[in-house]
Each structure stands twice: as structure tokens, then as C-alpha cells.
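A.B. asks: need a structure here:
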Amino acid sequence: MPGDHIRIMCPSLTCRRVLAVPANSRGKNVRCKGCGATIRVPEKAPSPAAASAATPAPQAAPATPNAKAA
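C.D. replies: Residues are numbered from 1 along each chain as shown. Presented below is the predicted three-dimensional model:
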């Protein structure tokens with residue numbers, strides 16, 4: 001969707017300016033207009049449903065036969 005923006009905060013403790021950057025700049029570096037610091041725009045976070053589907057459920061260990069055989 002063109003025109004979508006994401007809001008990020010400058011990590012500089014002396015600035016802390018909130019910037020609206022285009023959504024297509026995710027994963028890229030942008031420069032803060034307030035202090036000139038370089039900021040890495042975070043990648044899109046996976047949704048909780050997608051994250052749980054990507055993580056396989058732990059499987060039970062296979063049963064071992066009894067070592068004592070008569």
C-alpha cells in the first residue's frame with residue numbers, strides 16, 4: 001500500500017525524535033533529521049500466529065527398551 005509509514009524513535013539520548021519513514025525502507029538505514037544519527041529501520045516483525053507455526057513443537061524422546069533381558 002503506497003503511502004504507508006512506520007514510526008521509529010531516534011536512539012540518540014539527546015534527540016529522541018519520532019520519525020515517520022516509508023514502510024518500504026524496512027531493513028535500510030535512514031538519517032535522523034534532528035541530530036543526523038544513522039538509524040537502522042527494523043524489519044517487519046512476524047505475527048504471533050506465523051511465529052508459532054514456524055517453530056516446530058517439541059517431540060517426545062523415543063522409548064528405549066528395557067536393557068535387562070532374561
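
A.B. asks: quick one, strands of this protein?
C.D. replies: Remark: strands assigned in the chain by DSSP state E are 5-9, 18-22, 29-31, 38-40.

A.B. asks: quick check: mean pLDDT across the third one?
C.D. replies: When you say that, I think you mean strand 29-31. Per-residue pLDDT over strand 29-31 has a mean of 93.

A.B. asks: partners of that strand in the sheet?
C.D. replies: When pairing is defined by DSSP bridges, strand 29-31 lines up against strand 38-40 (antiparallel).

A.B. asks: how much space between the residue nearest to Ile39 when sequence neighbours are not counted and Ala23?
C.D. replies: Excluding its sequence neighbours, the residue lying closest to Ile39 (C-beta to C-beta, 6 or more residues apart in numbering) is Val30, at 5.4 Å. Glycine gets a C-beta too; all of them are placed from N, C-alpha and C. Remark: distance between Val30 and Ala23 (C-beta to C-beta, to the nearest Å) = 12 Å.

A.B. asks: mind putting the strands of the chain into a markdown table with mean neighbour count?
C.D. replies: Formatted as a markdown table, those follow (neighbours: other C-beta atoms under 10 Å):
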| stretch | mean neighbour count |
| --- | --- |
| strand 5-9 | 13 |
| strand 18-22 | 13 |
| strand 29-31 | 12 |
| strand 38-40 | 13 |
